[in-house]
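J.: Model the structure of this input:
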Amino acid sequence: MPPSLDPPRAPAGPRIPAQPTEPDRTTELTQPTEPDRTPELGELARAAATAAGSRLVPPAGRLTDVLPAPERVEPDPGADFVLPATAAVRVTADPAARDVAEQLAELLRPATGYPLPVTDATSPQPRGGIALVLDDGSNAGSGDDGSHDTDGGGSDSGGLGVEGYRLQVGTDGVRITAGTAAGLFHGVQTLRQLLPAAVDSPTPVAAAWVLPGGTIVDRPRFAHRAVMLDVARHFFDVPDVLRVIDHLARYKLNHLHLHLTDDQGWRIAVDSWPRLATVGGATEVGGGPGGHYTREDYRRIVGYAARRHVTVVPEIDLPGHTNAALTAYPELAPDRTAPPPYTGTEVGFSYVDPASERTYDFVAEVLGEVAALTPGRYLHIGGDEAYRVPAEAYRGFVERTQRIVTDLGRTVVGWHQIAPTGHVDGRVIQWWGTDGDDPGTVDAVRRGARLILSPANRAYLDMKYAPDTPIGHDWAGLIDLRRAYDWDPGTHLTGVPETAVLGLEAPLWTESVTTRTEIEFMLFPRLPALAELGWSPRSHHDWDGFRTRLAGHGPRWTLAGITFHRSPEVPWPGVPAPRSPLADPPPRHRTGAAPG
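T.: Numbers count the residues shown, from 1 in each chain. Here you go, the predicted structure:
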């Protein structure tokens, strides 16, 4: 976690200007009609077909332009397909598969103006449209229990795995086959990229919707591909979080880690400890009003994510980073005195009393309620920067808290400061260091821990791109696009085999990030870079190829109203490509800021 010392709300330059927000894509397209009459799907199809008939067909894009890079691509230039206005989406008669088909239609209707009806079929065929086929024979083992967690995302001898898919474009239409609904959903994201960039327009576009012919066979390298959003330092409303989930889904990331509690604010309602939200949630960095998620708000976030095959990982940070909790309940403080609300950005000064039984009642009740609201298997207990807790007391607290989590039937996740403590089955260590040599974490792996890699000088999305980036920090170094891309999660930590690495996560801490626009500016274009590291085979990692493919996504983001940093390392369309810096800048640590 970032030991940020930057003053609140005082970025080194102007704020990022607000951009148009993306429209609600769950609303079906309607067109001008006679008063008080809703057009039938057939009428819409005929009108769209008439308009399309006079268009010139532009050349198709390339199967090789997809982000993240697919495992295998077999182009067939003679099999391009133009999506007609009369196209339908035909899908296996399965509720989860049907939901993916409905989402596909919702994504395509606004820009195409096509009705795209969704129909079930025993054996779906394209027939001039799109077929989504759920085939258990394509999957070596589903494991899809609603949480969308898996233990292995890579190749297997039995099929496409839990998240893989096969996409085929021919003259008769498009067919996506997968063993699970998650695989179909990832295939849909690839289909979306194969269409012209105008498909991201929120309003109808007069264009022919050409898909390049050929076959893609694809599956992820790592099972865990995540972003963390800090909603504690600055609070973000539910629509902002849902939009972040959409960004993850677009690039096949499958976990959203929510940093729900910290010194500056407590962001989730807990019935057994109500003042946590009403008192502890009433502040944020800089003295703003803060806020919290009700149980209904949190269920909405979890459900929205699950529909997009993203698992929410909630974090209740313990035993440090707890000033907001202590303000609400001074009985948890070592001196039983309520500290004043905290709106700064220092770290390491607060902690719950590790010697009090009341503390463990608090831990068990809070984690129990959060677990009951969260279908995913992971509970993140934080564990970092508890500088004032004596070492032996810290060890005892973490080990007891880990047992509470396992007794709830969940898997413990904690920052790498918990590595030296006792192991419990399934434990996951999230490593955020800057030096790839970490004997303590290596020892935890030897004892059975798995790893999520979040190197602060490669994956921290709150680090500035360059010295003049208007928001963000630089204590872990500047992270331009190439630095975010040029590392290998499978070999990054000395002494840790790739088999021990669940995947990677890109945290976005929000001491200096205050709006949705600023969230997006820090996410893009680094988000697709980190997504490719998590999804694509190592042999496919190629900087020059990546930045060329990425350039084509700029127009898509613009149409979708997504704010992004126009990295000089990318040849964005219509902008001369500047010389790309080749040297990696060394990490620059703040005094006392060395991790773990």
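
J.: So what's the model's average confidence on stretch 444-464?
T.: Mean per-residue pLDDT for stretch 444-464: 98.

J.: can you pull the buried residues of stretch 206-214?
T.: Ala207, Trp209, Val210, Leu211, Pro212, Gly213, Gly214 (16 or more other CB atoms under 10 Å). Yep, even glycine has a C-beta here, placed from its N, CA and C like the rest.

J.: That one spans what distance, first to last residue?
T.: Start-to-end span of stretch 206-214 (CA to CA, to the nearest Å) is 25 Å.

J.: do stretch 421-432 as well
T.: End-to-end distance of stretch 421-432 (CA to CA): 17 Å.

J.: any idea how far the nearest residue to Ala364 once chain neighbours are set aside is from Thr514?
T.: Nearest residue to Ala364, sequence neighbours excluded (CB to CB, 6 or more residues apart in numbering): Ile404, at 5.1 Å. Plainly put, Ile404 is 34 Å away from Thr514 if you go by CB to CB, to the nearest Å.

J.: picking up where we left off before, where's the strand or helix carrying the residue nearest to Ala364 relative to the chain centroid, distance-wise?
T.: Assigned by DSSP states H and E, Ile404 belongs to helix 391-407. Centroid displacement of helix 391-407 relative to its chain, using CA atoms, centre = their mean, to the nearest Å, is 29 Å.

J.: that older thread, compare Ile404 and Thr514 (neighbour count), which wins?
T.: Of the pair Ile404 and Thr514, Thr514 is the one with more neighbours under other CB atoms under 10 Å, namely 23 against 20.

J.: isn't the more buried one right next to His234, touching?
T.: Yes: here Thr514 lies in contact with His234, judged by CB atoms under 8 Å, at a distance of 5.2 Å.

J.: Give the residue spans of the stretch 101-250 of the chain that score low on pLDDT.
T.: The model of the stretch 101-250 of the chain has pLDDT under 70 over residues 139-158.

J.: Where do the strands of it begin and end?
T.: Secondary structure of the stretch 101-250 of the chain (DSSP state E, counting those that start in this stretch): strands at 118-121, 129-134, 165-170, 173-178, 209-211, 214-218, 224-230.

J.: need these in TSV with distance to Ala79, can you?
T.: Listed next are these as TSV, based on distance: least, CB to CB, whole Å:
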stretch	distance to Ala79
strand 118-121	22
strand 129-134	15
strand 165-170	5
strand 173-178	10
strand 209-211	9
strand 214-218	7
strand 224-230	31
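
J.: Nearest to Gly561, out of these?
T.: Closest approach to Gly561 among the strands of the stretch 101-250 of the chain is made by strand 224-230 (18.9 Å; CB to CB).

J.: Distance from that closest one to the middle of the chain?
T.: 5 Å.

J.: same question, stretch 263-283
T.: 25 Å.

J.: same deal with stretch 459-473?
T.: Chain-centre distance of stretch 459-473: 19 Å, with CA atoms, centre = their mean.

J.: Quick one: end-to-end distance for that stretch.
T.: By CA to CA, one end of stretch 459-473 lies 13 Å from the other end.

J.: same thing with stretch 562-573?
T.: For stretch 562-573, the first-to-last residue distance is 16 Å (CA to CA).

J.: when you give positions from now on, start the count at 656
T.: Right, with 656 as the first residue, what we last looked at is stretch 1217-1228.

J.: And that stretch, what's buried?
T.: Ile1217, Thr1218, Phe1219, His1220, Ser1222, Pro1223, Glu1224, Val1225, Pro1226, Trp1227.

J.: for the last one, helix, strand, or coil?
T.: What that stands for is Trp1227. Assigned with DSSP: H, G, I helix; E, B strand; the rest coil, Trp1227 falls in the coil class.

J.: thinking it is in contact with Ala1206, fair?
T.: Yes: using CB under 8 Å, Trp1227 and Ala1206 qualify as a contacting pair, with a distance of 5.4 Å.

J.: Let me know the secondary structure of the residue lying closest to Gly1037 once chain neighbours are set aside.
T.: The shortest distance from Gly1037 to any non-neighbouring residue, by CB to CB, 6+ apart, is to Asp972 (3.2 Å). At Asp972 the chain is in strand, as set by three-state DSSP.

J.: For Asp972, which residues are in contact?
T.: By CB atoms under 8 Å, 6 or more residues apart in numbering, the contact set of Asp972 is Ala887, His914, Thr916, Asp917, Ile1036, Gly1037, Gly1038, Asp1039.

J.: And for Met1177?
T.: Counting by CB under 8 Å, 6+ apart, Met1177 makes contact with Leu1116, Asp1117, Ile1126, Gly1127, Leu1163, Val1168, His1220.

J.: redo that, cut-off 7 Å
T.: By CB atoms under 7 Å, 6 or more residues apart in numbering, the contact set of Met1177 is Leu1116, Asp1117, Gly1127, Leu1163, Val1168.

J.: And for the second one, the neighbour number?
T.: Here the neighbour count serves as a burial measure; for Asp1117 (other CB under 10 Å) it reads 26.

J.: try the first one
T.: By the other CB under 10 Å criterion, the neighbourhood of Leu1116 contains 25 residues.

J.: Ok, the third one next?
T.: Gly1127 is surrounded by 26 other residues when neighbours are defined as other CB under 10 Å.

J.: pLDDT at it, what is it?
T.: On the pLDDT scale, Gly1127 gets 98.

J.: Quick check: it touching Tyr1115?
T.: No: contact criterion CB atoms under 7 Å: Gly1127 and Tyr1115 do not qualify, at 9.2 Å.

J.: What residues does the nearest residue to Ala1111 once chain neighbours are set aside make contact with?
T.: Distances taken as CB to CB, 6+ apart put Ala1131 closest to Ala1111, at 3.8 Å, once the chain neighbours are dropped. Applying CB under 7 Å, 6+ apart, one finds that Ala1131 lies in contact with Thr1089, Ala1111, Asn1112, Tyr1115, Met1118, Pro1242.

J.: So what does Ala1131 look like in phi/psi?
T.: phi -100, psi 10 (degrees, to the nearest 10).

J.: mind checking pLDDT for it?
T.: For Ala1131, pLDDT reads 98.

J.: State the distance from it to Gly920.
T.: Shown here: Ala1131 relative to Gly920, a distance of 23 Å by CB to CB.
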